[in-house]
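# pasting a predicted model and its sequence here:
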Amino acid sequence: MSKKIILLADDDQDDAEMFCEALADIDQNIICHCAENGDKALKMLKNQDKIPSVVFLDLNMPIMNGWECLKQLKSEENFKDIPVIMISTSSHKNDMEAAGNLGAFCYFVKPNNFNDLKKVLGLITSNLENGLKEPLLNLEKNKYLHLFL
């Protein structure tokens, strides 16, 4: 079985550790690369041989925030087709709409507990090869995330 590569950009070290721990619990074949801001995430992407299956971007980070990183990703030929999932503690409708307008695949509010995080990440990672649209529609109905179609 091949390794799935995921890139997470989040400046909150506790959130990043919980994210990576959840992924490790879900599937040992997932490699999670972490960056503390959008600038480092872009540099990591440019220096990797294999493009990640999905990129998770936190909205609020120093140096380069998630919005700026998303714009950059979608403007570069090599990265524009990578599904980008925006993550934040914010559940503001304006943030969700802006993410969709900038080309994000979906937006999800960081869950408060580990099991909810595992549920969302498990569904995402188990459907990377099969297409994320259909499985994520169920999560959207349960208010875990907002999907842009």
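On my side now, so go ahead.
# quick check: which ranges of this protein have low pLDDT?
1-2, 128-149 (pLDDT under 70).
# same thing but 90
Along the chain, the model assigns pLDDT under 90 to residues 1-4, 26-30, 48-50, 53, 60, 78, 81, 83, 88-149.
# mind listing the helices for it?
13-26, 38-47, 66-75, 93-101, 114-126, 133-141 (DSSP state H).
# so who does the residue sitting nearest the centre point of the chain touch?
Nearest to the mean C-alpha position of the chain, by Cα atoms, centre = their mean, lies F56 at 1.8 Å. Contacts for F56 (Cβ atoms under 8 Å, 6 or more residues apart in numbering) come out as I6, L7, L8, A9, D10, F19, V84, I85, M86, I87. The C-beta positions use only the backbone N, C-alpha and C, and glycine is treated the same way.
# give me the nearest residue to the fifth one, chain neighbours excluded.
What that stands for is D10. D58 (4.0 Å; Cβ to Cβ, 6 or more residues apart in numbering).
# neighbours around the one you found, how many?
Around D58 there are 26 other residues, counting by other Cβ atoms under 10 Å.
# just checking, it touches G66?
Yes - counting by Cβ atoms under 8 Å, D58 touches G66, with 5.4 Å between them.
# mutual contacts of those two, please.
A9, M86, I87, S88.
# show me those that map onto strands.
Applying DSSP state E to these, the entries found in strands are A9, M86, I87, S88.
# just those now: which is nearest L117?
L117 lies nearest to I87 out of the ones in strands among the shared contacts of D58 and G66, by Cβ to Cβ, at 10.0 Å.
# show the contacting residues for the closest one.
Contacts of I87 (Cβ under 8 Å, 6+ apart): D10, F56, L57, D58, L59, G66, Y107, F108, V109, K110.
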